[in-house]
Structures are given as C-alpha cells and as structure tokens.
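> Sequence below, structure please.
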Amino acid sequence: MKLKRNFPQTVVLSALLFALFASASGQEQTPPNPPAVPSIIGPAEILIDRNTGVGTTKLNLRSTAQLDGWLTGRVNSDSEPKPQLTFKTDQNATNEDPVFHLTTDPRKITTVVATVTGVKQAGSFDADLAFEGNDFGKLKIVYLPFNVTVDGPDTNKLDLSLVDNQVTTFTLKNDDPIAYPVIWRLHIDGSEICGGQLTLPAKGLGLLQCKPSVPFQRVGIGDLFKAESTEGAGRSLLLYPVLPGTSASFDPNSPWKAIPVKASISWFGSSYQQYLGYFVIFAILTLGGLTSLALSQALPNRLRRLHIKERLSNATDATANLTSNIGSRLQVLLRLERNRLEDLLKSRNTFSPDFADIAKRCNESATRLESRLKLAQQIDVVLSRLEEKLPLGPPPRQIIAIEELIDDAKVLLSKTEPTDKDLEMAQAAITEASNKVDIVNQTDDTFGESLAKRVLDVQTDIKTDFLSDPLFQKLNSDLPGPFKAVQRISNASLPIPSLKYAELDMAVEKLTLMKEYVMLAQGTQEQEMLERLDRYRPKLLGYLQLHSWPAIRSARLLMRQMKDDVYPSRLREALLAKSATIVMTAMRAYHRAPLEFCVCFTSQALENSAAREEWTCHWAFGDDLTETGWTVSHYFQLKRDGRLKRLVQQDFKIKATFVDEVGNVLKDPATNEPLTLEKPVTVFPAREQPFFGERARTELLKLMAALFIAVLALVAGAREELMKLDILPGLIAVFTIGFGADTIKNLLTKTETTS
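This is a model prediction of the structure:
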C-alpha cells in the first residue's frame, strides 16, 4: 500500500529529471551561429602600376543579412615598409581609409574600391580581408616584373652596326599581359646617340628606329680603317616609364630596364675612309721617326725647361706676396730678374745644341733669385712682427736699431747683381734684426747698460747746460714727465730693469728732442724763423705728450722740418706754383727695363726737406698699376701685335697726385680737380730673338724633307700590318715600323751629330 501511495510522486519526479536531462542534452548538440560576414562576388585582383607602385580594383560584396561594421585588410608581404591597403566608396571619393565603415543590404551587391600603395616587390602576393576582425576572403596583388626583352638570337643583348645619319631598326618583345608606354634612349660610350617614345603592346613586339647623330668629337681612329663592334658599361639601351600626367617626361636616373648593347659606330663615309687612313698611317710613321730624336735630345731638354719654369713660377707667386714694406725698387728688381730668366729660357728651343748651356745659366740665376726672394720674405716677416709689438710701447732705440738693420739688408738686396758676399751680409743683418725683435721689452744687459749711460748723460747735460735756460724751463714746465723720470735714476741703480726700458728710453728721446729745439732756437737769429719755431712748438709738445713710437717718429720728423725750416705748407705752395716736375732717370724706356720716377722740386731745399715725408705722392703709370712714394721704381710690359705676335711700341702717360699731411687731396684752385703732374713716356720694344733661329730652321727643313721621302716607302707595308691586327695593336705596329726603320734611324742619328 505504501508503494502504491508513493508511485505518482515517483513518476512525476522521474519525468521531471528526464525533461531536465533532455534539455541539457539538446543544448550541447546544437552548433553556435557563425559570425555574419560578407562574401566576395567575382574576381578579387589588383594589378600594380609600375610607374607609381599603386593599384586599384572594385570589390563586389554580398551578405545574407544587413551588416554594419568595419572592413579592414592586411597585406601579406615581406617587404619593408609593408604596402598599405585602403578602401573608399567609389572612384570619385576623396577619403580613403584603412578601416572602412561598411554597410550592406542583403537585397543588392555592395561595391567597395580597394587601393594598394607602396608596392615595390615584384611578383604576386595576397591580402586578407576582414569584417569586424573576421577574415572572409583574399585579395590577390600582382606586380608584373616588366618582362621586356630583345627580339633576336640573344634576348638579353642588342648587337648593332650604326652609321652616322643612317637608320638602323631593331625590335623589342613584351611578354607581359599589359602594354607599356616607354621612352627609350640609346647610349654609346656615355653619349646619347638616338631615342624616341612608343607603346609596347601586351604580348607583342615594338619596332624601334635609330638614326644616330654621331658628334665629331667622338670619332675614333678605328673609324678610319675598320669598324669594330664593342660593348661596355657606357653602351646600353635604356627604357624609361612615361611618368603619370605627362607624355614624354622621365627620370633619367631611374630607368625601368637597361639592355646591354654591342655596337660598332662610324662617322666616316667610305669615300673619306681610305684617304684619311693613309694620311694617319703616314703621320704615325713620321711620329715614330721623330720620337727617336725627341727621346734622345728634345725630351730631356724639355724636362729641364719645365723644371726651370716651375721654379720661376714659384718665384712669381713669392714676388706677388711681398708687401709694400719691401719697397718698390727691390720688388721691381726681383720681378725683372724673373722676367729676364724667362726670356733667356725662351731664347733657345729644345732642339738647339746651345740649350744645355742656357739651361745651366738659368738654373744658377734662379737659385740666386730664390735666395733674394727668401731674404725679402724674411724682411716682411720681421717688419710684421715688429709692427705687432708696437702697441706694447717698445723702447724707441730698439726699434731704430731693428729698422737700421733692415735698411742695410734692403740696400744689399737691391743691387742689380748681388754677390754671394752681399747675400751673406744681408742674411746676417736680417737674422740680427729678427733676434732683436724677439727680445723687445725683455731683459737685455747690453741694452740696459747702454740705456743707463744715456740716461746719466742726458741728466748731466741738462743740469749743466739747459736747466737754467728759460726756454727749456718752459718746455719742462709744459712737459715735466721726461726729466722727472731720468732724475730717478742714479749710478747705484745700474743696470736698469727691463720694466723701465720703454719709459726711460722714451724719456731720453723726448729730452733729446727738447734739447735740440732749445739749441735750434738759441742758434737762430732770423726773427721769422724764430716765429715759425714758436708756432710749431705746441705741435712738437703734442707729439711728446704721447707715449708711443709713432708719436716719437712724428716728433723727430717735425724736428727735422724745424732744422730745414721747411714745413708742409711750403710744399703746397711749390706744387700749386708748378715748381715740381716728374723726372725719369733712364734716357729711354724699353720693354721690361727698370725705370725710376721721382717728383723733383726746382728748389734744392724743398727737394731734400723732411716735410716731404708728411705728404703722400700717388702714381698711376697708365698700365693699371699704381705706386706710392716721391721716388718709385717701375717697368712696362708691351703688348704683342695680334697678327705678327711682335712687341709693339706704346705710349704711356705717367700721372702723380698728392695727399697733404692731414689726408686731403691737393686740388688745383682753378679747376677744383686734383692737382696732377703728367709725363708722357714712349716705351720701345727690346730686340727679340726669334723662337727658331736661322740654323734651327735650316736643320728642321732638312729633317722634314728626309723624313718625308723615307716614310713614303713604308706606307704600303704599314697598312697591310695594320689590317692584320686590331686597331690599337696595329697602330702600335705602325709606330714601331717608323721608329725602328734603319733609314729613319740613320737620318736621325746623322741629324743629332751635325747639330
């Protein structure tokens, strides 16, 4: 009874468990729904444009349900950087995105434009297409390798025979399935011979016609005998793409393909080839004979001449770099010596038997010229170093000693033909001056003792003879510093330390000038002269107030003017009164002959006056060269006649203008133009030696006549030898025949002996 009573409950419970089990089993066996993605209708392939590396195609997409999501693509390529795949709605759309918002309608096909950019790898590969990250198809990308070859036995090389202004035809084959618009250029030995533009049809042939224009400069010796077909790096047919948006433009540095070319090219027609060939053979035979003479005599002499010319060229550069510190006379003499050696070297040709002696003389003179130039350069260096030390206020006596040594060296070097002894003395003076520059303002016991003696001497002299003089007292009152400085020195303080050199030496120089002024005034009886001395005394004191060598130099110059009683104003009066003329020392001027010009006054007092040093005289010689100074040196170079190549007599006008002591150009009151002194000078050509003397011309004519007869007998055999060999070995063989023929060798040997 109990079982019966519980049976309905058991059935219900069992049914419930069975239902739950069935429900669970049904969930495990039902597959999940796949993601909704579009499918590609039709082919999906992009063909890449070789010009741009870009390709575009239309993708036709269909879906079973309406989709709204993002379309992306991934290019499967090993190249870096990878090509990029973008999408847009249609060809006219401007916005392209790698992540494209795609909306589909199941009732119609959706079109999307896919674009690949940056493709550089030839071949084919694909891109995976995905919608919302789920791949649904592949897009094939094809980059054709430009499979264009030569239509002929050798598809990778052109073999051409080209003649100037004659058309040659050859064919190219395109094995790719697309047509290529190309520009072609044929280069031979690096020069463009011909070119054009055509479209190579897909799976077809393209006909190219070349009408070469051969420049005459490219003509080779081989064209005279036989045409040779050669190949090399400079011979190729270059195929270029037609750039987008153009019809004929191309990048010359980026051809699509370079096809090697083996070609022969000739400029000569057959009518000229034979005659010119014989002429060349005759010339080479003659050259072979003359080479024997050149190797034995002319070539060694020419090398000697070139060596001497190099030395003279270096001398030219060295002379041009000399500064005005050297002085115009020395510079002119050095340049003229160089010109003289150049003329002497040209006076004989290298075939002349006298050339060896001339070369020896030129070598010896060039060595002496180089020594003079070296010493002149040393003078420049010493004076430049001295000028750098002037702002440091060196003792005046040290500067005077250095300048005196340099002046002595200039005098020795300015001799027309200085001896070895003169050069040694000049070198010694320059070396001593250089050493003195090194020790300026440094401890020098000899200079210190000499300075101490001069200080004590000027002390004693002033105390004995000048201290009580009213004029000196007035000067000392206006300028008390110098006398106070020397009074601080006594016998016990010897020797003077180097720190006091400049101060005491300056003081001694100033006191010396003050003494000279007092003595000049004491010895002058003429009232007007005394008035001038008194008028220029403030100027003298103004210079003495300064503590520099330029001021001391100016004070010394002013004292010389006081002693001469000639001041710059006197020069102005004399120049305005035309009391000065230009004087040339030589009686007659010749080509490359040294001349000296000076502005000379009729008054001897003005001519020798120190006041001239405060004025500046500027010269213009009429040949675009200028100079400065009251006395200058110069030489003229004549031009050569254009037809006869001879020196032509020429007239020059020498002009001199003047700048006064304050830097103003002196002007003529009548015209208000710069006052100018002029002197006409006629320069005559010196006697020139002809390049070939009479004997040299006779020997040359004899040699050429004998060579002509001997070479004629060898022409026929030489041509046969040339045709057997290649061009270069054949020409060498012809040259050897001319060089080694007994007739010519004997002729040349005889000519050298008689020379």
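
> list the helices and strands the longest helix anywhere in the chain packs on?
Secondary structure of the chain per DSSP state H: the longest helix is helix 355-389. With contacts defined as 3 or more C-beta pairs under 8 Å, 6 or more residues apart in numbering; DSSP states H and E, helix 355-389 has these neighbours: helix 299-320, helix 328-346, helix 396-413, helix 420-438. For every residue, glycine as well, the C-beta is placed using N, CA and C.

> Do I have it right that residue 155 meets residue 147?
No: Residue 155 is beyond contact range of residue 147, at 10.3 Å (criterion: C-beta atoms under 8 Å).

> Any idea how far apart the tips of stretch 607-614 sit?
This stretch, stretch 607-614, spans 13 Å end to end (C-alpha to C-alpha, to the nearest Å).

> For it, buried residues please.
607, 609-612, 614 (16 or more other C-beta atoms under 10 Å).

> now that stretch: mean pLDDT?
For stretch 607-614, mean pLDDT rounds to 90.

> Tell me which residues are up against that stretch.
Stretch 607-614 has contacts (C-beta atoms under 8 Å, 6 or more residues apart in numbering) with 557, 560-561, 563-564, 566-568, 570-571, 600-601, 606, 630, 660-661.

> Residue 482 looks like it's in a helix, true?
Yes: assigned with DSSP: H, G, I helix; E, B strand; the rest coil, residue 482 falls within a helix.

> wait, isn't it in contact with residue 513?
No: between residue 482 and residue 513 there is no contact under C-beta under 8 Å: 9.4 Å.

> what do those two both touch?
Contact with both residue 482 and residue 513 is made by residues residue 544, according to C-beta under 8 Å, 6+ apart.

> Same list (the buried residues of stretch 607-614) but as a markdown table, adding distance to residue 578.
Output for the buried residues of stretch 607-614, formatted as a markdown table (distance: C-beta to C-beta, whole Å):
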| residue | distance to residue 578 |
| --- | --- |
| 607 | 15 |
| 609 | 18 |
| 610 | 23 |
| 611 | 18 |
| 612 | 17 |
| 614 | 21 |
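
> Return the distance of stretch 383-392 from the chain's centre.
With C-alpha atoms, centre = their mean, to the nearest Å as the basis, stretch 383-392 stands 33 Å off its chain's centre.

> List the buried residues in it.
383, 386, 389.

> Report the lowest-confidence entry in those residues.
Ranked by pLDDT, these bottom out at residue 389, which has 87.

> Next up, the contacts around that residue.
Counted by C-beta under 8 Å, 6+ apart, residue 389 has contacts 437, 440-441.

> before we move on, back to that, between the buried residues of stretch 607-614, which sits nearest residue 304?
residue 612 (49.1 Å; C-beta to C-beta).

> Going by distance to residue 591, which of the contacts of residue 389 wins?
Here the nearest of these to residue 591, counting by C-beta to C-beta, is residue 437; it sits at 40.3 Å.

> What's the local residue count around the closest one?
Using other C-beta atoms under 10 Å, residue 437 has 21 other residues around it.

> repeat for residue 397
Neighbours of residue 397 (other C-beta under 10 Å): 17.

> List phi and psi for the nearest residue to it once chain neighbours are set aside.
Closest residue to residue 397 apart from its sequence neighbours, by C-beta to C-beta, 6 or more residues apart in numbering: residue 505 at 5.4 Å. Main-chain torsions, residue 505, degrees, to the nearest 10: phi -70, psi -40.

> and if you look at the one 3 residues further on?
Residue 508 has phi and psi values of phi -60, psi -40 when expressed as degrees, to the nearest 10.

> Quick check, pLDDT for it.
93.

> now do residue 741
Confidence for residue 741, expressed as pLDDT, is 62.

> same check, this time on residue 423
The model's pLDDT for residue 423 equals 92.

> Now do the contacts for it.
Counting by C-beta under 8 Å, 6+ apart, residue 423 touches 368, 371-372, 375, 412-413.

> need the helices and strands packed on helix 355-389 in JSON lines with distance to residue 95, can you?
Output for the helices and strands packed on helix 355-389, formatted as JSON lines (distance: least, C-beta to C-beta, whole Å):
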{"stretch": "helix 299-320", "distance to residue 95": "70"}
{"stretch": "helix 328-346", "distance to residue 95": "79"}
{"stretch": "helix 396-413", "distance to residue 95": "85"}
{"stretch": "helix 420-438", "distance to residue 95": "82"}
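
> Residue 495: which of these is closest?
helix 396-413 (15.0 Å).

> Tell me which of the helices and strands packed on helix 355-389 lies nearest to residue 463.
Of all the helices and strands packed on helix 355-389, helix 396-413 sits nearest to residue 463, with 22.1 Å by C-beta to C-beta.

> which residues touch the closest one?
Under the contact criterion C-beta under 8 Å, 6+ apart, helix 396-413 has outside partners 326-327, 330, 372, 375-376, 379, 382-383, 386, 390, 418, 422-423, 425-427, 429-430, 432-433, 436-437, 440, 447, 450-451, 501, 505-506, 509, 549, 552.

> Tell me how many other residues surround residue 404.
Neighbours around residue 404, by other C-beta under 10 Å: 12.

> separation between it and residue 432?
10 Å (C-beta to C-beta, to the nearest Å).

> Which strand runs longest in this protein?
With secondary structure taken from DSSP state E, the chain has its longest strand at strand 230-241.

> Check the gap between the residue positioned nearest the centre of the chain and residue 336 for me.
Among the residues of the chain, the one closest to the centroid is residue 317, at 16.5 Å (C-alpha atoms, centre = their mean). To residue 336, residue 317 is 17 Å away according to C-beta to C-beta.

> same check, this time on residue 619
According to C-beta to C-beta, residue 619 and residue 336 sit 18 Å apart.

> Equivalent analysis for residue 575, please.
From residue 575 over to residue 336 the distance is 31 Å, taken as C-beta to C-beta.

> the more surrounded of these two?
residue 575 (22 against 16).

> Tell me which helix or strand the more buried one sits in.
helix 568-576 (DSSP states H and E).

> what's the neighbour count on the closest residue in space to residue 260 that isn't next to it in sequence?
Of all residues not flanking residue 260 in the chain, residue 157 sits nearest, at 4.9 Å (C-beta to C-beta, 6+ apart). Applying other C-beta under 10 Å, we find 16 residues neighbouring residue 157.

> right, and residue 157 touches residue 258 too?
No: counting by C-beta under 8 Å, residue 157 does not reach residue 258; the two are 11.2 Å apart.

> any idea how far residue 531 lies from residue 524?
10 Å.

> How about residue 371?
Distance from residue 371 to residue 524, by C-beta to C-beta: 51 Å.

> Then residue 597?
From residue 597 to residue 524 the distance is 36 Å (C-beta to C-beta).

> quick one, which of the two is more surrounded?
The residue with more neighbours, out of residue 597 and residue 524, is residue 597; 25 against 15, by other C-beta under 10 Å.

> Need the three-state assignment for that one.
strand.

> Pull the contacting residues for it.
By C-beta under 8 Å, 6+ apart, the neighbours of residue 597 are 582-585, 619, 631-634, 654, 679.

> Reformat these as TSV; add distance to residue 133 and secondary structure.
Output for these, formatted as TSV (distance: C-beta to C-beta, whole Å; DSSP: H, G, I helix; E, B strand; the rest coil):
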residue	distance to residue 133	secondary structure
582	104	strand
583	108	strand
584	105	strand
585	106	coil
619	95	strand
631	102	strand
632	97	strand
633	98	strand
634	96	strand
654	99	strand
679	103	strand
